[in-house]
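*Asks:* sequence and predicted model, in that order:
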Amino acid sequence: MGDPSGIGPEIIAASLADPSVVSSCSPLLFGDRGVMERALKVTGAPLLLETVEDLPPEEPAPGTVYLREVSRLESADAAYGSPTRAAGDAAYRYICEATALCLAGRGAALVTAPISKESMNAAGHSFPGHTELLAHLCGTPEVVMMLAGDKLRVTLVTIHEPLSKVPSLITVDRVLTTIRITHQALTRYFRPNPRLAVLALNPHCGEGGLFGNEERTVLVPAISAARREGIDAHGPLSADTLFHFAVQGGYDAVVCMYHDQGLIPLKLLHFDDGVNVTLGLPIIRTSVDHGTAYDLAGTGRGSAASMKQALRTALGMAGAAAGDRATGAAS
């Protein structure tokens, strides 16, 4: 459910009320009944809320939201637009319990609403965000954040890091790992033999060393190693021109060196319907690509487009994974 004080419960309500989104899955919500009841009233979503101890029934009732009640927050702890320690702890526990269900093979995919990093850390859970927390819970240190829309997919070598630290974090191993995980995930869930663009760190690919040496000393060796492994990786390529060709269909994903290098063009194109996907986990995880939107919480005016697309993407990935398992069993 994400941060109880933010927009998450409302966009969940709006998404689960859309038959085109939920007709081919059985959603189970981890959250707070009081908060979700409030969200249903605010949005006017014509849904019934039913608390369950385990999984939804094999034949879910139409128009019913099945909730695993993880918290019972006081109204002061879940006030709209006010991050609190109690809400941060609750959001952390929603993630932990839902992840455990998926790791046990009892859930096909995990879809998350936005959290407040401030309130989660105030509650004693020191993680920069969802991605790092999920990597910890799954025991998978090497994960990659991908932001995706119909026109563009980007993956990140570094995520939530100060810009001043980025150059020292760009290493051959880290770039190669990002390329590998991007290739493996796209091959499994989206399309075979994906074509990857790898961006330069410096303007004009370093201009022969005039603007920096990372292209020559780090990126070229990493891309060459990936190509020797059979990965269709190209670069380093200048970020100021590459995205034009990527959105024309020239590449299936763009490997970016730092957060804003990839997220600015992605959100320019997919502000409302972009999806955050964590690659490299043993489970499928998608999320919205926006924050808690405290200024909109409680108004019912927040767009649910990204949450709906996150659910659709999770369904598509789960279907592809199920197809892989069926093929493996048959062979």
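*Replies:* Good, I have the coordinates.
*Asks:* ok, now which ones touch the residue nearest to Asp232 when sequence neighbours are not counted?
*Replies:* Leaving aside its chain neighbours, Asp232 sits nearest to Arg195 (4.9 Å; criterion: CB to CB, 6 or more residues apart in numbering). C-beta coordinates here come from the backbone N, C-alpha and C atoms, glycine included. Each residue near Arg195 by CB atoms under 8 Å, 6 or more residues apart in numbering is listed here: 232, 234, 250-252.
*Asks:* now with 10 Å, please.
*Replies:* The contact partners of Arg195, by CB atoms under 10 Å, 6 or more residues apart in numbering, come to 183, 186, 231-234, 246, 249-253.
*Asks:* measure stretch 133-149 end to end?
*Replies:* End-to-end distance of stretch 133-149 (CA to CA, to the nearest Å): 24 Å.
*Asks:* quick revisit: the contacts of Arg195: which two are farthest apart?
*Replies:* In the contacts of Arg195, two members sit farther apart than any others by CB to CB. They are Ile231 and Gly249, at 19.0 Å.
*Asks:* more crowded one of those two?
*Replies:* Taking neighbours as other CB atoms under 10 Å, Ile231 and Gly249 compare with Ile231 leading, 20 against 9.
*Asks:* apart from its neighbours in sequence, what residue is nearest the more buried one?
*Replies:* In space, and not counting its chain neighbours, Ile231 is closest to His183: 4.7 Å by CB to CB, 6+ apart.
*Asks:* can you select the buried ones from the contacts of Arg195 in PyMOL?
*Replies:* Buried subset of those, written as a PyMOL selection, criterion 16 or more other CB atoms under 10 Å:
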select buried, resi 183+186+231+233+234+246+251+252+253
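*Asks:* Asn276: which of the contacts of Arg195 is nearest?
*Replies:* Using CB to CB, the contacts of Arg195 come closest to Asn276 at Ala253, 13.9 Å.
*Asks:* that closest one against Leu186, yeah?
*Replies:* Yes: Ala253 lies in contact with Leu186 (CB atoms under 10 Å); the separation is 6.0 Å.
*Asks:* what touches both of those two?
*Replies:* Shared contacts of Ala253 and Leu186, defined by CB under 10 Å, 6+ apart, are found at 146, 148, 153, 155, 194-196, 279.
*Asks:* returning to that earlier point: the contacts of Arg195 in helices, which ones?
*Replies:* Judged by DSSP state H, helices contain the following of the contacts of Arg195: 183, 186.
*Asks:* filter the contacts of Arg195 down to the ones in strands?
*Replies:* Counting by DSSP state E, the contacts of Arg195 place 232-234, 253 in strands.
*Asks:* got a list of what Arg312 touches?
*Replies:* 15, 20-21, 24-25, 111, 273, 275, 286.
*Asks:* now stretch 66-82, how far from the centre of its chain.
*Replies:* Centroid separation for stretch 66-82 versus its chain: 23 Å, with CA atoms, centre = their mean, to the nearest Å.
*Asks:* nearest to Pro128 among the contacts of Arg195?
*Replies:* Closest approach to Pro128 among the contacts of Arg195 (CB to CB): Ala253, at 22.7 Å.
*Asks:* next up, the contacts around Lys308.
*Replies:* Contacts of Lys308 were listed using CB under 10 Å, 6+ apart, and they are 11, 14-16, 18, 20-22, 273, 275, 288.
*Asks:* how about CSV for those residues, with neighbour count and secondary structure added?
*Replies:* CSV is the format used below for these (neighbours: other CB atoms under 10 Å; DSSP: H, G, I helix; E, B strand; the rest coil):
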residue, neighbour count, secondary structure
Ile11, 27, helix
Ala14, 24, helix
Ser15, 25, helix
Leu16, 24, helix
Asp18, 14, coil
Ser20, 8, helix
Val21, 20, helix
Val22, 19, helix
Asp273, 19, coil
Val275, 25, strand
Val288, 28, strand
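*Asks:* residues contacting the residue of the chain most remote from its centre?
*Replies:* Largest separation from the mean C-alpha position in the chain: Leu210, at 36.3 Å (CA atoms, centre = their mean). The contact partners of Leu210, taken as CB under 10 Å, 6+ apart, are 202-204.
*Asks:* rewinding a little: from the contacts of Arg195, which is closest to Asp260?
*Replies:* Checking the contacts of Arg195 against Asp260 by CB to CB gives Ala246 as the nearest, at 16.4 Å.
*Asks:* distance check, that closest one against Val198.
*Replies:* Distance of Ala246 to Val198, computed by CB to CB, to the nearest Å: 12 Å.
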